[in-house]
Structure formats: C-alpha cells, structure tokens
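Asker: Just need the structure, nothing else, for what follows:
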Amino acid sequence: MLDTLYHSMSPELFSIGPFVVRWYGLGYSLGFILAGFLILKICKRWEVEFSFESLLTFLISCMLGTILGARLGYVLFYGDGYYFSHPLEIFAFTQGGMSFHGGITGFAIGVLIASRIIKIPFLTLGDLSAITAPIGICLVRFANFINGELWGATTDMPWGVVFDDAGPLPRHPTQLYEAFLEGIVLLLVLYMLSRRKPPFPRGTFLGVFMVGYGIFRIAIEFIRQPDIQLGYLFGTSWITMGMVLSAPMILIGVALLYYANKRKLPQKGQE
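Answerer: Take a look at the predicted model:
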C-alpha cells in the first residue's frame, strides 16, 4: 500500500538576485520552442515552404497573442469583477491567473496576423498549431502541478496528493490527468494523423484538436475543483466555467471537420 503523497515543490526553478525563473514560464517558453522544431519537420513532410524567418514571425505573433489572451481571458471569465476594481493588477502577470480559453482565442488572433505576414493559409497554420500545441499544454499542466494549483476533488485512490492550500485530505492530481489527456494523448493522435500522405485537408487537425480538447477538458472538470471565487455555476457540484467555455470548442471542431471534408483544400498553396 502506498504512503500518502504530499506536495512539496517550489514554483521557482531557480533565482539569481531579483531574476527568477518559474516552472510556469518555462513551460510556456519551452512549449513554443519545441513546437517550432516540430512544425519545421511537419512542413518538410507536407512540402509546405516555411522558412526560419517565417517561423520566428509565427511564433512571436502567437506567443504574444497567447499570453495576452490568456491573461485577459482570466480577467474576464474568472476574475469575478475583482480586476474591474483593481485595473492595474490586470498586468500583474507574475501573480498568476491565466485562462486556456482566453489563450487559445489570443493564439488564433496571432495565427491570423502571422498568416497575413508570411503568406501561409490561416487553416494550414491552424493545423500546424493544433498538432504541436499539446506539447505546451502538457508542460504547462505539469507546471500547474508543481505550483500546487488547479487540484481536483478529494479521493481515496492511492495516487491522491495532499496539496498545502487544499486542506489535509488527498486530492485527484487533475493537473497530471490534463497533462496526459490534453497533452500526450492529443499529441500522439494528431502527430500520427499528420504522417499521412497526402496530408488531410486544411482544417482537419484543428477540428480534431478542438473536439478532443473540449471532450477531455469537460470530462476532467467533473473532478477538478472550480476556482474558489466562482465555484459551481449551477448547484453545488454541477457546471463549471471550464465546461461552459469548452462546450463551444466541440461544436467549432465539428464544424471545422465538416468544412475540411467538404472543401478538401490542400495544405500546400496560398489563401
């Protein structure tokens, strides 16, 4: 029988004077870097011209869109009015508070801007992003676990973890569940699909990602504890903000798959 697991990790990887490297920021940064390498590999297989300069433009645009979108999404969806009374704290990124759904919205805007600059179709960039995004999702969810945040409901399962801020009872490490499903599983599925020649039509991978992430996130929300300032949106144990924001992703994903199958636009070529 396993002993009770206690969370005892620091959110800081290391610090030199006032300079601090946090696991959360490292997850974001490393996720984009690894995604960039994988994008170049996939583009070579798909015979899509993608120069290193275009890649940098794409990554910078998407990184800025993701960070700003994730922060603003948290302010709007999870702030519960707090930031409207304390507007300067909207820009306090080091205090935490990032929303995946806000981040993906900002990311989409970044993809749109990049597609206009580097002259690669929006849905082709969207598909490349969908295949590689699970890398960053996985790393950030591991960072959530290290930070001791976004835990789940209490459990008597042997892998339950006691988090300092969650009380004395073991809880589901839902951060690791998300890292596995939204990160590793989605990455493997999408990457294997990307190996097909010729590649699936534009929009296919983005559609699969949206449907897959939406389903996995909603499933995990049943045991993930909602943000304390919001709680459950209906009743005492039903409907969370994460469910509400993830449901449209499934619908959008289905629509993209229908569009991709109907139009059958190749990954190569211009808009």
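Asker: So residue 4 sits against residue 158, correct?
Answerer: No: taking contacts as C-beta atoms under 8 Å, residue 4 lies outside contact range of residue 158: 9.2 Å. Where you see a C-beta, it was placed from the backbone N, CA and C, and this is true even at glycine.
Asker: Report the next helix or strand after the helix or strand bottoming out on mean pLDDT in the chain in sequence order.
Answerer: Within the chain, no helix or strand scores below helix 82-85, which has a mean of 71 by mean pLDDT, DSSP states H and E. Next helix or strand after helix 82-85 toward the C-terminus (DSSP states H and E): helix 100-118.
Asker: buried residues in that following helix?
Answerer: Burial within helix 100-118, assessed by neighbour count using 16 or more other C-beta atoms under 10 Å, is assigned to 100-111, 113-115, 118.
Asker: Kindly indicate which of these lies nearest residue 176.
Answerer: For the buried residues of helix 100-118, the minimum distance to residue 176 (C-beta to C-beta) is 16.0 Å, reached by residue 100.
Asker: Please, which helix or strand holds the residue lying closest to the closest one once chain neighbours are set aside?
Answerer: Once flanking residues are discounted, residue 100 sits nearest to residue 70: 7.0 Å by C-beta to C-beta, 6 or more residues apart in numbering. Residue 70 belongs to helix 52-77 when assigned by DSSP H and E.
Asker: Next, the buried residues of that helix.
Answerer: Those would be 54-55, 58-59, 61-63, 65-75, 77, for helix 52-77 by 16+ other C-beta under 10 Å.
Asker: low-confidence ranges in the stretch 1-150 of the chain?
Answerer: 1-3, 80-82, 86, 88-90, 92-96 (pLDDT under 70).
Asker: and the residue nearest to residue 106 when sequence neighbours are not counted, how far is that from residue 264?
Answerer: Excluding its sequence neighbours, the residue lying closest to residue 106 (C-beta to C-beta, 6+ apart) is residue 69, at 1.8 Å. Residue 69 is 31 Å from residue 264, where distance means C-beta to C-beta, to the nearest Å.
Asker: Likewise for residue 258?
Answerer: 12 Å.
Asker: still on that earlier bit, what is the nearest of the buried residues of helix 100-118 to residue 230?
Answerer: residue 101 (13.7 Å).
Asker: I'd say the closest one and residue 73 touch.
Answerer: Yes: assessed by C-beta under 8 Å, residue 101 is found in contact with residue 73 at 5.6 Å.
Asker: correct me, but residue 109 touches residue 69?
Answerer: Yes: counting by C-beta under 8 Å, residue 109 does reach residue 69; the two are 7.0 Å apart.
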